[in-house]
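In: what shape does this take:
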Amino acid sequence: MKNTSVSAAFMMLGILFCTCLVVSNLMAAKIFVVGDITLSAAVLLFPVSYILNDCIAEVWGYRKARFIIWTGFAINFLVMAVFQLAVLLPPSPHWEGAPHFDYIFGLAPRLAAASFIAFLAGSLVNAYVMSRMKLASRGRHFSLRAVVSTLLGEGVDSLIFFPCAYLGLLPLKEMFVVMAGEVLLKVLYEMAVLPLTRRVVNYVKRVEGVDVFDEDISYNPLKIGDIG
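Out: Modelled structure (predicted):
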């Protein structure tokens with residue numbers, strides 16, 4: 001039987017990854033303004049999921065990153081589905097919070113679908129780029145790989161999410177300005193915390209005794225059970 005055991009460190013980073021996704025979706029209902037830029041509060045936490053994705057792909061390789069990405073997708077879908085059921089429940093006539101609850105948790109199906117597809121595609125691209133660049137560089141230039149993979153992953157995420165969620169609702173020019181602003185902000189976020197990310201990666205590699213190079217593996221995003 002194939003050994004598919006995982007370590008406590010892998011489990012902890014995976015749990016943090018999934019938690020960031022769920023909390024980010026809940027925070028997305030809060031909209032704030034910085035200067036002339038309108039942003040969702042999810043921007044405070046969602047980039048952390050890409051940082052954790054980088055860590056997992058760097059230490060354990062693409063296959064385990066792919067497994068965690070799909071796990072996060074499934075958990076996020078379950079949480080959002082349960083909230084939709086809660087919204088459909090008839091509220092007590094003595095409870096005045098129903099409109100507020102429905103507004104926060106009653107995510108429109110279009111937005112939910114856009115969010116799920118964009119996250120899945122962006123995260124898989126991030127892990128794929130990280131893996132391929134690690135092979136090409138023979139494990140060098142982690143900082144460059146982390147920034148490039150995040151830029152491409154976040155770019156794919158935004159190119160899917162914004163048109164799917166807002167096409168026809170926002171002018172094209174405004175939509176692309178917001179999209180570019182979010183991608184730039186998330187990449188700058190990644191760059192700002194790179195010193196911490198490097199320390200975490202180096203510490204985990206040292207403690208785990210693991211530094212996977214994805215040679216001769218399948219990058220098929222649907223091979224979820226193949227975790228090495």
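In: okay, CA-based contacts and neighbour counts for the rest of this
Out: Fine.
In: and the residue nearest to I56 when sequence neighbours are not counted, what element?
Out: Distances taken as CA to CA, 6 or more residues apart in numbering place A65 nearest to I56, at 5.7 Å, with adjacent residues excluded. Applying DSSP states H and E as the criterion places A65 in helix 62-88.
In: so which elements touch the longest helix anywhere in the chain?
Out: With DSSP state H setting the assignment, residue counts place helix 109-137 as the longest helix in the chain. With contacts defined as 3 or more CA pairs under 8 Å, 6 or more residues apart in numbering; DSSP states H and E, helix 109-137 has these neighbours: helix 46-60, helix 62-88, helix 142-166.
In: again, 6 Å this time
Out: helix 142-166 (3 or more CA pairs under 6 Å, 6 or more residues apart in numbering; DSSP states H and E).
In: buried set for the helix it packs on?
Out: Using 16 or more other CA atoms under 10 Å as the burial criterion, the residues of helix 142-166 that qualify are 142, 145-165.
In: distance of the residue nearest to I56 relative to I104?
Out: In this view, A65 and I104 are 30 Å apart by CA to CA, to the nearest Å.
In: more neighbours: the two, which one.
Out: The residue with more neighbours, out of A65 and I104, is A65; 29 against 16, by other CA atoms under 10 Å.
In: ok, that one touching C55?
Out: No. Counting by CA atoms under 6 Å, C55 is not a contact partner of A65; they are 9.0 Å apart.
In: quick one: S5 is in a strand?
Out: No. Counting by DSSP: H, G, I helix; E, B strand; the rest coil, one finds S5 to be coil, located in no strand.
In: could you check how many residues crowd around the closest residue to L13 other than its chain neighbours?
Out: Nearest residue to L13, sequence neighbours excluded (CA to CA, 6+ apart): L52, at 6.7 Å. Neighbours of L52 under the rule other CA under 10 Å: 21.
In: over to P91?
Out: Neighbours around P91, by other CA under 10 Å: 13.
In: what of G168?
Out: With other CA under 10 Å as criterion, G168 counts 10.
In: and it, its phi and psi?
Out: In terms of degrees, to the nearest 10, the main-chain angles of G168 are phi 90, psi -10.
In: tell me how far it lies from A29.
Out: When distance is defined by CA to CA, G168 is 20 Å away from A29.
In: ok, P171 next?
Out: From P171 to A29 the distance is 21 Å (CA to CA).
In: who's more crowded, those two?
Out: The residue with more neighbours, out of P171 and A29, is A29; 16 against 10, by other CA under 10 Å.
In: tell me which helix or strand the spatially closest residue to that one that is not a sequence neighbour sits in.
Out: Leaving aside its sequence neighbours, A29 sits nearest to I104 (CA to CA, 6+ apart; 5.8 Å). In this structure, I104 sits in helix 98-105 according to DSSP H and E.
In: convert the C-alpha atoms of that helix to PDB, please.
Out: Only the C-alpha atoms of helix 98-105 are listed here, as PDB (Å, rounded to 0.1, in the frame of the first residue of the first chain):
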ATOM      1  CA  ALA A  98     -32.100  39.100   9.900                       C
ATOM      2  CA  PRO A  99     -31.300  41.700   7.200                       C
ATOM      3  CA  HIS A 100     -27.800  42.100   8.400                       C
ATOM      4  CA  PHE A 101     -27.200  38.400   8.600                       C
ATOM      5  CA  ASP A 102     -28.600  37.900   5.100                       C
ATOM      6  CA  TYR A 103     -26.500  40.700   3.700                       C
ATOM      7  CA  ILE A 104     -23.200  39.300   5.100                       C
ATOM      8  CA  PHE A 105     -23.800  35.600   4.500                       C
END
